[in-house]
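In: The sequence and its predicted three-dimensional model are supplied below.
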Amino acid sequence: MDTQPALDVVLCLDVSRSPADTTEDLAIISGFADRFRQVEWPGRRLPSLYYDPRSLARGPDDRSVLHAKVAIADTSRALIRSANLTEAALRRNIEIGVLLSAPAPIASIRGHFEALIHNGVLVQVPL
């Protein structure tokens, strides 16, 4: 992003609460944002970052997980994969990914995430 000023990056990531964690939601989000800025994201320009607030529900029956792994480049390509961004997933697990280049399904996938954001299901993390 630092070398391509026109590039716009939107990330939808899982912000989670451990099962017995009673930390306030805002503290979890703040810690996530700090770690993202300091450890996870290498550049100076930051992406727009979204999460599902249901992932912070205190009761395990109410908690959600943003488990989708989808990367969309404009409307030309979409990568959908099973792997988490962990050492185990990238080096040891048997994972799969599908690269799409047909415009109709890519627009549909992109539209789905845009609708989740527009409808307030996914909420922006303040960076």
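Out: On my side now, so go ahead.
In: List the contacts of the spatially closest residue to residue 100 that is not a sequence neighbour.
Out: Using Cβ to Cβ, 6 or more residues apart in numbering and skipping residues adjacent in sequence, the residue nearest residue 100 is residue 78, 4.5 Å away. For glycine as for every other residue, the C-beta is placed from the backbone atoms N, C-alpha and C. By Cβ atoms under 8 Å, 6 or more residues apart in numbering, residue 78 lies in contact with 70-72, 99-100, 105-106, 109-110.
In: which of these has the most neighbours?
Out: residue 106 (19 neighbours; other Cβ atoms under 10 Å).
In: does the closest residue to that residue other than its chain neighbours count as helix, strand or coil?
Out: Once flanking residues are discounted, residue 106 sits nearest to residue 78: 4.5 Å by Cβ to Cβ, 6+ apart. Following DSSP: H, G, I helix; E, B strand; the rest coil, residue 78 is assigned to strand.
In: before we move on, back to that, and the residue nearest to residue 100, bridged to which residues?
Out: For residue 78, the beta-bridge partners under DSSP bridges are residue 72, residue 100.
In: What is the longest helix along the chain packed up against?
Out: Taking DSSP state H as the assignment, the helix of the chain that covers the most residues is helix 103-118. Counting contacts by 3 or more Cβ pairs under 8 Å, 6 or more residues apart in numbering; DSSP states H and E, helix 103-118 is packed against strand 10-12, strand 70-73, strand 77-81.
In: Tabulate the CA atom coordinates of that helix in PDB.
Out: Taking C-alpha atoms only, helix 103-118 is exported to PDB below (Å, rounded to 0.1, in the frame of the first residue of the first chain):
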ATOM      1  CA  PRO A 103     -16.200 -11.800 -12.900                       C
ATOM      2  CA  ALA A 104     -19.700 -12.900 -11.800                       C
ATOM      3  CA  PRO A 105     -18.800 -15.000  -8.700                       C
ATOM      4  CA  ILE A 106     -16.100 -12.500  -7.700                       C
ATOM      5  CA  ALA A 107     -18.600  -9.600  -7.800                       C
ATOM      6  CA  SER A 108     -21.000 -11.800  -5.700                       C
ATOM      7  CA  ILE A 109     -18.400 -12.600  -3.100                       C
ATOM      8  CA  ARG A 110     -17.200  -8.900  -2.900                       C
ATOM      9  CA  GLY A 111     -20.900  -7.800  -2.700                       C
ATOM     10  CA  HIS A 112     -21.500 -10.200   0.200                       C
ATOM     11  CA  PHE A 113     -18.700  -8.700   2.300                       C
ATOM     12  CA  GLU A 114     -19.700  -5.100   1.300                       C
ATOM     13  CA  ALA A 115     -23.300  -5.900   2.400                       C
ATOM     14  CA  LEU A 116     -22.000  -7.200   5.800                       C
ATOM     15  CA  ILE A 117     -20.200  -4.000   6.300                       C
ATOM     16  CA  HIS A 118     -23.000  -1.800   5.000                       C
END
